[in-house]
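K.L.:
What would the 3D arrangement of this be:
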Amino acid sequence: MPTQDEWKDAARQAAALVPNLVKLYGRLVADSRVPFRARVLALATLGYTISPIDLVPDFIPFLGQVDDIIIVASGLKRLADAAGAEILEEHWDGEQPVLESVQTLVEAAAALAPRPLRRALEWAAPLS
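P.N.:
Model (predicted):
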C-alpha cells in the first residue's frame, strides 16, 4: 500500500498536469489547423462541465464528477485525434512521456463513455 508521502507526491504530479492540460486544450481550440467541428465540440464538452445541468447531478458523490470527466476526456480525445500528433506535440508544454501518459489516460476515460455519446461525438466531429 502506498505511503502518505507517495500519495502526496502523486497528488503534486497530478496537480502539475492541470496547467499544461488547460493550455493544451485552449491552444488546440484556437489553432485553425484543427478542424472547426472538433474545436466547437471541445468547447461544447467544456461548456457541459461548467453548466449546472448534468446527466448525473454533481451532488451525487463520485458519479456526479465522473460524467464530467468522461465527457471532457471524450471531447479532448476527439480534439487531439483531429489535430494529429504533430500539432498536439507542438502545443504541449510538458515532456513527451507525460503527453503519452496523458493520452493513455484520456483514451481510457473516453472509452468509459456510453456508446450513444461516442457515436454523437463522432457524428459531431468526424475525423475525415
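K.L.:
Where does pLDDT dip in this structure?
P.N.:
Applying pLDDT under 70 to the chain flags residues 1, 58, 125, 127-128.
K.L.:
tell me the secondary structure for the spatially most central residue of it?
P.N.:
Nearest to the mean C-alpha position of the chain, counting by CA atoms, centre = their mean, stands A73 at 3.1 Å. Classification of A73 by DSSP: H, G, I helix; E, B strand; the rest coil places it in helix.
K.L.:
Let me see the ranges of the helices in the chain.
P.N.:
Taking DSSP state H as the criterion, the chain contains helices spanning 4-30, 36-50, 63-83, 85-91, 96-111, 115-124.
K.L.:
on that earlier part again, for the residue nearest to the centre of the chain, which non-adjacent residue is closest in space?
P.N.:
The shortest distance from A73 to any non-neighbouring residue, by CB to CB, 6 or more residues apart in numbering, is to A109 (3.5 Å). Any C-beta I mention is one placed from the backbone N, CA and C, and that applies to glycine too.
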